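Undergrad: I would like the atomic coordinates for the input below:
(chains A and B)
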Amino acid sequence: MQPEWPQEVHRALAKAQVRIVGYVPDAGHSRLIELCQGDRKMRAVVLTTEEEGIGLAAGAWLGGEKSVLLMQSSGVGNVINAAGLLKTCRLPLVMIVTMRGEAGEFNSWQVPMGEATPAVLEAMDVRVRRAARADEIAPLVADALRQEQATAVLISQGVIGIKSFRQ
Amino acid sequence: MTLHRREVVKTLLSGRHHLLVVAGLGSTAWDITAAGDAPLNFPLWGAMGQAAMIGLGLALARPRRRVLVITGDGEMLMGIGSLATIGVQQPSNLTLVVIDNERYGETGMQETHTAHGVDLAGVARACGFKSSKTTSDLKRLRSMIHESTGPNFAVVKVAAEKLPLVLPPLDGVALKDRFRRALLGDSAEVLSQKR
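TA: Got it, this is the predicted structure:
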């Protein structure tokens, strides 16, 4: 059975009239990305690096549209300098981040950025909200979309499942 | 004939009407300001590499408006992946113009990759831009900006010169708010409250 949270998050995005969805492909986000791609009112924009999602969101907001950025925690490291825009121009971007490097991660190369993710976001004044369970994700996203501040919703690796190369 | 950046940018922006303009940090932000500060200018003071993506976001959000990104060769090189991203999205209302002096002007005029033969117009062409060239024909460039189906890309080679700074407002929130108010009118505030 497919998990329900992607549908719930997609509904939250649609309800908040999010029109532009930047993403770097990610296994944990794959269903949500498909739902956004299939939504005629949304434009799903595949990025070469997560940093581009900050510029995309800034331009979208200048043009009067809301956007979100979907990525894995490794991508948080790629957005740092550009994320300064969110603070200096007070832009309300919501980032939805699937975590790597948490308990059960078998690829140790994913651990440093995963462990640093909340601190890096907070250092750039991006508010951090953690979803430990699947049913917490959509309410946190909906709440973040109503706020004035740039926010990252972190989805625990336990929700997504542990990646294994044996599968 | 050697072109000078301030004259090029002034020519491109004269009679701009409803054109939405994003400028990369450094010299091109000073250039668009020297041509005349305007509410529908968004000059960057930071986020190097993001000018083209801000243009893309704007072009997707407002598909009926023409969007022009004016940036430098160094800034474009830092965001070179965004050319691939724009190539996938094919925004018909977006034009990128690189004012190419082959130098990092703000840091001491060190050479950029374009001084060593890197062809940004070639990269944009390979990424699927409808039109992409290195040109000195400003008349045709103006018609590209205002009329041609995009995404369009042009490199204008200019003299490497140090010019007096003409600074835009520094307050990012004020720059954003004036842009949104000029573009969206009263709905800018409504949109803010709705979120």
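Undergrad: show me where chain A dips below the pLDDT cut-off.
TA: Within chain A, the stretches with pLDDT under 70 are A:1-3, A:162-167.
Undergrad: what is the residue sitting nearest the centre point of it paired to in the beta sheet?
TA: Among the residues of chain A, the smallest C-alpha distance to the mean C-alpha position (C-alpha atoms, centre = their mean) belongs to A:Ile96, namely 1.9 Å. As for beta bridges, A:Ile96 partners with A:Leu70, A:Val153 under DSSP bridges.
Undergrad: could you list the contact residues of chain A toward chain B?
TA: Contacts of chain A with chain B, taken as C-beta under 8 Å from any C-beta of the partner chain, map to A:16-17, A:19-20, A:43, A:45-49, A:51-67, A:81-82, A:84-85, A:88-92, A:145-148. To be clear about C-beta, it is placed using only N, CA and C from the backbone, and glycine gets the same treatment.
Undergrad: now with 6 Å, please.
TA: Where chain A comes near chain B, counting by C-beta under 6 Å from any C-beta of the partner chain, the residues are A:20, A:43, A:47-49, A:52, A:55-56, A:58-60, A:62-65, A:82, A:84-85, A:88-90, A:92.
Undergrad: show me those that map onto strands.
TA: Of the residues of chain A next to chain B, the ones assigned to strands by DSSP state E are A:20, A:43.
Undergrad: so where do the helices sit in chain B?
TA: B:5-13, B:27-34, B:51-61, B:73-78, B:81-89, B:120-126, B:138-146, B:172-184, B:187-194 (DSSP state H).
Undergrad: any idea how far the fourth one is from the chain center?
TA: Distance, stretch centre to chain centre, for helix B:73-78: 11 Å (C-alpha atoms, centre = their mean, to the nearest Å).
Undergrad: pull the residues that contact that helix.
TA: Contacts of helix B:73-78 from elsewhere in the structure, counted by C-beta atoms under 6 Å, 6 or more residues apart in numbering or on different chains, are B:24, B:48-49, B:51, B:98, B:100, B:104, B:112-114, B:120.
Undergrad: just the buried members of these?
TA: Of the members of the contacts of helix B:73-78, the ones counted as buried by neighbours, 16 or more other C-beta atoms under 10 Å in any protein chain shown, are B:24, B:48-49, B:51, B:98, B:100, B:104, B:112, B:114, B:120.
Undergrad: just these: which are in strands?
TA: The subset of the buried ones among the contacts of helix B:73-78 that ends up in strands is B:98, B:100, B:104, with DSSP E as the criterion.
Undergrad: make TSV from those and add pLDDT and distance to B:Phe179 to it.
TA: As requested, those are arranged in TSV below (pLDDT from 0 to 100; distance: C-beta to C-beta, whole Å):
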residue	pLDDT	distance to B:Phe179
B:Val98	98	22
B:Asp100	98	26
B:Tyr104	96	27
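Undergrad: in TSV: these, plus distance to chain A.
TA: Compiled in TSV, these are given as follows (distance: C-beta to the nearest C-beta, whole Å):
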residue	distance to chain A
B:Val98	16
B:Asp100	20
B:Tyr104	16
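Undergrad: find the residue closest to B:Glu161 in space, skipping its chain neighbours.
TA: Nearest-residue entry for B:Glu161: B:His4, 6.9 Å, with adjacent residues in sequence omitted and distances by C-beta to C-beta, 6 or more residues apart in numbering or on different chains.
Undergrad: roughly how far does that neighbour sit from chain A?
TA: The span separating B:His4 from chain A equals 28 Å under the rule C-beta to the nearest C-beta, to the nearest Å.
Undergrad: highest average neighbour count across the helices of chain B?
TA: Burial of the helices of chain B is given as mean neighbour count (mean count of other C-beta atoms under 10 Å in any protein chain shown); helix B:51-61 ranks first at a mean of 30.
Undergrad: now look at it and say if it contacts chain A.
TA: Yes - with C-beta under 6 Å from any C-beta as the threshold, helix B:51-61 lies in contact with chain A, specifically through B:53-54, B:57-58, B:60-61.
Undergrad: what comes into contact with that helix?
TA: Applying C-beta under 6 Å, 6+ apart, the set of residues contacting helix B:51-61 from outside is A:20, A:43, A:52, A:55-56, A:58-60, A:62-65, B:20, B:22, B:24, B:67, B:69, B:71, B:75, B:79, B:82, B:86, B:91, B:93-94, B:96.
Undergrad: again with stretch B:115-135
TA: The set of residues external to stretch B:115-135 that reach it, using C-beta under 6 Å, 6+ apart, is B:76, B:83-84, B:87, B:98, B:102, B:149-155.
Undergrad: got CSV for these, with distance to A:Val159 too?
TA: Converted to CSV, the contacts of stretch B:115-135 look like this (distance: C-beta to C-beta, whole Å):
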residue, distance to A:Val159
B:Met76, 39
B:Leu83, 35
B:Ala84, 31
B:Gly87, 34
B:Val98, 43
B:Glu102, 49
B:Thr149, 44
B:Gly150, 41
B:Pro151, 38
B:Asn152, 43
B:Phe153, 41
B:Ala154, 47
B:Val155, 46
